[in-house]
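**Student:** Only the shape, not the letters, is given here:
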């Protein structure tokens with residue numbers, strides 16, 4: 001669990017420095033369009049769309065972009081996107097899960113396989129590493145939302161399973177199936193969350209030295225740079241010393 005938290009914090013800081021906003025916006029809009037096409041354009045009746053819009057707002061996606069993405073779902077010429085999950089091993093034997101929304105499975109699979117291979121890893125079959133992770137819902141609030149004890153109490157009352165707090169944020173986890181209900185209950189007691197999403201959280205972690213950790217992060221950068229890739233998860237774990245060097249890089 002600690003490895004997931006460490007990795008998340010490293011990538012968050014790195015992302016804040018060099019994320020390409022247009023690419024982030026495009027991926028958020030794609031998720032909104034797919035959610036609306038699958039479950040309808042009314043967020044009140046479509047939990048996936050409601051969560052997609054909340055996350056888009058957290059990333060400051062303009063309201064006009066959100067509305068266009070929803071309207072696009074009703075168009076006859078809208079691309080048909082498939083949800084695909086890729087699994088495999090990265091540098092140092094780390095388990096990696098890649099989630100994608102693609103209109104061309106062959107193209108996306110080729111790109112993902114190439115990135116894994118160039119990083120010294122190997123793409124496996126679906127399920128090859130998935131058993132090493134738990135599918136959970138994750139709801140994040142800024143530290144300013146309240147004390148650790150207060151947020152934990154609110155999380156428990158809302159039906160969540162756990163809450164981890166640090167000086168930057170409160171990260172609440174719950175069963176994947178309960179994400180909609182828990183996030184709604186938390187919004188009533190704490191206000192709008194900074195982010196609401198489903199995640200793959202590792203059951204066990206894989207320790208990496210600095211060199212392997214840098215290779216893995218480079219691999220993830222390449223994966224996330226692809227338009228079709230929505231999310232990347234790993235079970236990387238690093239020592240405090242390695243984490244400090246990664247954060248400073």
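**Tutor:** Sure, I can see it. Fair warning: this is a prediction, and the values are worked out from it, not measured in the lab.

**Student:** pull the longest strand from the protein.
**Tutor:** strand 133-142 (DSSP state E).

**Student:** and that one, which strands flank it?
**Tutor:** Here strand 133-142 is paired, per DSSP bridges, with strand 169-175 (antiparallel), strand 195-202 (antiparallel).

**Student:** nearest to residue 61, of the ones you listed?
**Tutor:** With distances scored as Cβ to Cβ, the stretch of the strands paired with strand 133-142 nearest to residue 61 is strand 195-202 (12.4 Å). (Each C-beta comes from the backbone N, C-alpha and C, glycine too.)

**Student:** For whichever helix or strand comes after that closest one, which strands pair with it and how are they oriented?
**Tutor:** Next helix or strand after strand 195-202 toward the C-terminus (DSSP states H and E): strand 206-207. Strand 206-207 has these partner strands in its sheet, going by DSSP bridges: strand 236-237 (parallel).

**Student:** and of the strands paired with strand 133-142, who's closest to residue 71?
**Tutor:** Of the strands paired with strand 133-142, nearest to residue 71 by Cβ to Cβ is strand 195-202, at 22.9 Å.

**Student:** For the closest one, buried residues please.
**Tutor:** 195-197, 199-202 (16 or more other Cβ atoms under 10 Å).

**Student:** which SS state does the residue most central in space within the chain fall under?
**Tutor:** Closest to where the C-alpha atoms of the chain average out (Cα atoms, centre = their mean) is residue 231, at 4.9 Å. Secondary structure assignment for residue 231 (DSSP: H, G, I helix; E, B strand; the rest coil): strand.

**Student:** Show me what it is bridged to.
**Tutor:** Applying DSSP bridges, one finds that residue 231 bridges with residue 99.

**Student:** would TSV of the buried residues of strand 195-202 with pLDDT and distance to residue 115 be doable?
**Tutor:** Below are those laid out as TSV (pLDDT from 0 to 100; distance: Cβ to Cβ, whole Å):
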residue	pLDDT	distance to residue 115
195	87	25
196	88	28
197	87	23
199	92	21
200	94	18
201	93	23
202	94	20
